[in-house]
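Visitor: here are the coordinates; sequence isn't available:
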């Protein structure tokens, strides 16, 4: 038997370290549960388990993390956190989450910052369970941010190495020579944004503009807005809150899907980088364009009588979908086909690379658009050599190929999942509409959250058969870590030397 | 006077200096050194110019000037550095790569180089100057670009032909320094009549040059569509300078990797990967519609060929680089509008420098009959603190003060303008009286 070429022990020790770190949020949630007089055992049991498992895994030899080991580490980490995250739901035994598959769906949806829920009755679950859902998402957002800077930019994942040039991490590494330091800076920015959102919600409360905001609500939503994730303890999502709260939340969702390195430079007093970023302008253009289109459809339909609600609801839903958050202020499933299809298409864009956003991301689309335009030019001038440029920097042709490959792969996986959802639903129950199936497939695989129909913003994914839920669990995981790491470890060549 | 490197530039400099100075030439190639000895009165030394012993043998300790002009930029810089260890000559280094010049300009005198000439940049700048002005034969910059000297050729159908200088001079900050008619250099007065085929030497602001260019040839639009053939250093620099001036040139380069590099580094240039003597390609890219075609290939035959093809296809003006020998006149005779020889230009630049050491900048007028020099006015200058009209009386004929710069502003000189200490003057002077003039100013 040929020796395994992957030093899986090194990957495992790192997963062990992550598991050990999970004891902190588990302990925190247990304390909150005690404060509200709810059961603490659902959190203390996994706390003990992760501590033991983490320490055990860390006993393996740790050597330098190579390319292959990073793929494995990334894939395993997300899987492990999702497993641990599901334990409190099962142990709490409340409502639909007592079922292990539902619990795993909810936990994976949390840690991948998707925001798709199976909960049909929000009141059945205690405050500590809702907080745990939010906390899973917040950790998922932090994880992806660190992953994007520290790992994905180092390995060639569907053009993720573009991060290096486009986000100017190089310039940042000049300030902070170590990659850990860079990740720490961006992590602090993430924590800072979360704190700022809590404070601004509370400020609105003090100003009398948000009567039903509590500290608990502010924290639970800050955790899921900045991470562009979308769980809400309220069945009506952000529709439960006042217009002022909704406006403020638009800003934080938008920031959560903006490149954190560029935001860091903005805070350092250098707005030129953000302004000079082609991707930022593209992202802003998509948000404003889609919001304008949605507002136009709504206006034609006569959905809202006054301008402010029309603009607010159109902009909120578009920002929520483009940033891949998944909040809703109204049941947009009831909107007309025009508005719904704009939102459906918006699912595929995502926000900027180097943020907490999911989906395909504006960076990749921008490269696709620019290289298509270039190809049309070289069609007429075959000898012309015209590099694709992002913010003035020429993009490597190899990277462009990777990006096309990534976009194609995303669309193929989306199509396959859609077909699976349709077939499975037909097999078990009365079937599902194609549009609903497409939306549910896109919304889970691209980590957005709500879809249309029964899985709409005010509905849930509960009605899908277990087989569909398992497929969605797997693809939320695959989608969140940018597909390639998972596919790579499934190839035989990966394990051979 | 020591010259290191007896290549084309080195030999050319040696030839023009041999008559007036004691010239020592150092080269590693004995054949080249021998050849030079037969043709000119110079002392040849076979050896390595970066070697201290060789330099000492050449008499570096007493030398006034050292010119490093080998084919290697690095060697030239090192030669200057080594020579400064034992002697104190004024050192001039020729470089090809503009980054050395840019580094040196950050701190003049760096590497113990007192003056640095960049061959390719010099050629590129003069080409770009010619492109900007449809009737210009030659363009030189003074006072950090504030002042420009331009040689205009007045075509037969020009409205300026037949006008007196007073009539033609409708521009602020422009001085008519001279008119070259055949072999004669005339210093014009207000009544001098400009004739067709005259070459007019004008000194003034770049804006006034453009305005005068339009007056000379109103039917010629300013070039907007520029095609560059050959993406070597000169082609690249021309494209870069044109981009700075707001142009969006097209550039043909044969080598694919080089073309890719050019495309990445020239955001506003359309780079085409193809051979510029491929008529079908030129046809398809409608090179005939271009206003100007610049041929900057390494090969002179190809430069000639591509310009002639372009001319036949209808390109407005053609500019060709002449790499070897003295083919400039031949090129212009067979139909190339402007021929630029980078090595000739470099040799001239260095030679001029040896003549007027105090000059900040020098431009030579075609045929070596006159020069335009830039000087800073110091305490002993004949120009200091009195109206130009008075100081002119003390200077020989054939001298014109073309422009004055004070700080960052340009002053048009008039008879009553008084010149202050620290002003820079751009002066046109006949070559015959050059040394007398530089002494008095």
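Guide: Here it is on my side, so go on. Treat the numbers as computed from the prediction; the structure is a model and nothing was measured.
Visitor: going forward, measure contacts between C-alpha atoms and count neighbours the same way
Guide: Noted.
Visitor: so which elements touch the helix or strand harbouring residue A:408?
Guide: Element membership for residue A:408, per DSSP states H and E: helix A:397-428. The elements that helix A:397-428 packs onto, with contact taken as 3 or more CA pairs under 8 Å, 6 or more residues apart in numbering or on different chains; DSSP states H and E, are helix A:362-380, helix A:434-445, helix A:466-480.
Visitor: residues in contact with stretch A:183-201?
Guide: A:142, A:145-146, A:149-150, A:210, A:213, A:215, A:218-219, A:222-223, A:226, A:245, A:248-249, A:252, A:260-261, A:264 (CA atoms under 8 Å, 6 or more residues apart in numbering or on different chains).
Visitor: just stretch A:411-425 next, same as before
Guide: A:431-434, A:437-438, A:440-442, A:445, A:464-465, A:467-468, A:471-472.
Visitor: which among these count as buried?
Guide: Burial by neighbour count, 16 or more other CA atoms under 10 Å in any protein chain shown: within the contacts of stretch A:411-425 this picks out A:432, A:437-438, A:440-442, A:445, A:464-465, A:468, A:471-472.
Visitor: so in terms of bridging, what pairs with the residue in the stretch 101-250 of chain B that chain A sits nearest to?
Guide: At 9.4 Å from chain A, residue B:250 is the closest residue in the stretch 101-250 of chain B, using CA to the nearest CA. Under DSSP bridges, the beta-bridge partners of residue B:250 are residue B:227, residue B:270.
Visitor: quick one on the thing from earlier: can you list the helices and strands packed on helix A:397-428 in a markdown table and add mean pLDDT and distance to chain B?
Guide: Compiled in a markdown table, these are given as follows (pLDDT from 0 to 100; distance: least, CA to the nearest CA, whole Å):
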| stretch | mean pLDDT | distance to chain B |
| --- | --- | --- |
| helix A:362-380 | 93 | 9 |
| helix A:434-445 | 93 | 36 |
| helix A:466-480 | 93 | 33 |
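Visitor: out of those helices, deepest packed?
Guide: The highest average neighbour count among the helices and strands packed on helix A:397-428, using mean count of other CA atoms under 10 Å in any protein chain shown, belongs to helix A:434-445 at a mean of 25.
Visitor: remind me what that one packs against, helices and strands.
Guide: Against helix A:434-445 (3+ CA pairs under 8 Å, 6+ apart) you get helix A:397-428, helix A:466-480.
Visitor: how about the longest one, which residues are buried there?
Guide: Within helix A:397-428, the residues that qualify as buried are A:399-400, A:402-404, A:406-407, A:410, A:413-415, A:417-422, A:424-425, counting by 16+ other CA under 10 Å.
Visitor: between that helix and helix A:466-480, how many degrees?
Guide: Angle, helix A:397-428 to helix A:466-480, by axes from the mean of the first three to the mean of the last three CA atoms, to 10 degrees: 170 degrees.
Visitor: please identify which pair of the contacts of stretch A:411-425 lies farthest apart.
Guide: Farthest pair in the contacts of stretch A:411-425 (CA to CA) is A:431 and A:445. Separation: 20.3 Å.
Visitor: just give me the neighbour total for the closest residue to residue B:21 other than its chain neighbours.
Guide: Residue nearest to residue B:21 in three dimensions, not counting chain neighbours: residue B:1, with 6.9 Å by CA to CA, 6 or more residues apart in numbering or on different chains. The local packing of residue B:1 (other CA atoms under 10 Å in any protein chain shown) involves 22 other residues.
Visitor: my read is that residue B:1 contacts residue B:68, right?
Guide: No - the criterion here is CA atoms under 8 Å, and residue B:1 misses it with residue B:68 at 11.1 Å.
Visitor: worst-scoring helix or strand of chain B, pLDDT-wise?
Guide: Across the helices and strands of chain B, mean confidence by mean pLDDT, DSSP states H and E is lowest for strand B:361-364: a mean of 72.
Visitor: which SSE is immediately downstream of that one?
Guide: Following strand B:361-364 in sequence, per DSSP H and E, is strand B:370-376.
Visitor: ok, residues contacting that next one?
Guide: With contact meaning CA under 8 Å, 6+ apart, strand B:370-376 is reached by B:142-143, B:149, B:185, B:358-365, B:422-432, B:434, B:441.
Visitor: 7 Å - rerun?
Guide: The contact list for strand B:370-376, computed with CA atoms under 7 Å, 6 or more residues apart in numbering or on different chains, reads B:142, B:358-365, B:422-431.
Visitor: stretch B:144-164 now?
Guide: B:135-142, B:168, B:190-206, B:215-217, B:410.
Visitor: one more time with 6 Å
Guide: B:135-142, B:191-206, B:216-217 (CA atoms under 6 Å, 6 or more residues apart in numbering or on different chains).
Visitor: for stretch A:130-149, same thing?
Guide: Stretch A:130-149 has contacts (CA under 6 Å, 6+ apart) with A:110-113, A:183, A:220, A:223-224, A:227, A:233, A:354, A:356.
Visitor: is it possible to get CSV of those that adds secondary structure, neighbour count and pLDDT?
Guide: Formatted as CSV, the contacts of stretch A:130-149 follow (DSSP: H, G, I helix; E, B strand; the rest coil; neighbours: other CA atoms under 10 Å in any protein chain shown; pLDDT from 0 to 100):
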residue, secondary structure, neighbour count, pLDDT
A:110, helix, 34, 94
A:111, helix, 31, 94
A:112, coil, 35, 93
A:113, coil, 36, 93
A:183, helix, 21, 78
A:220, helix, 24, 94
A:223, helix, 30, 95
A:224, helix, 32, 94
A:227, coil, 37, 94
A:233, coil, 21, 92
A:354, coil, 30, 83
A:356, coil, 34, 90
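Visitor: find the helix or strand that residue 54 is a member of.
Guide: Reading this off chain A. Using DSSP H and E, residue A:54 maps to helix A:41-58.
Visitor: chain B is the one I meant
Guide: helix B:52-57.
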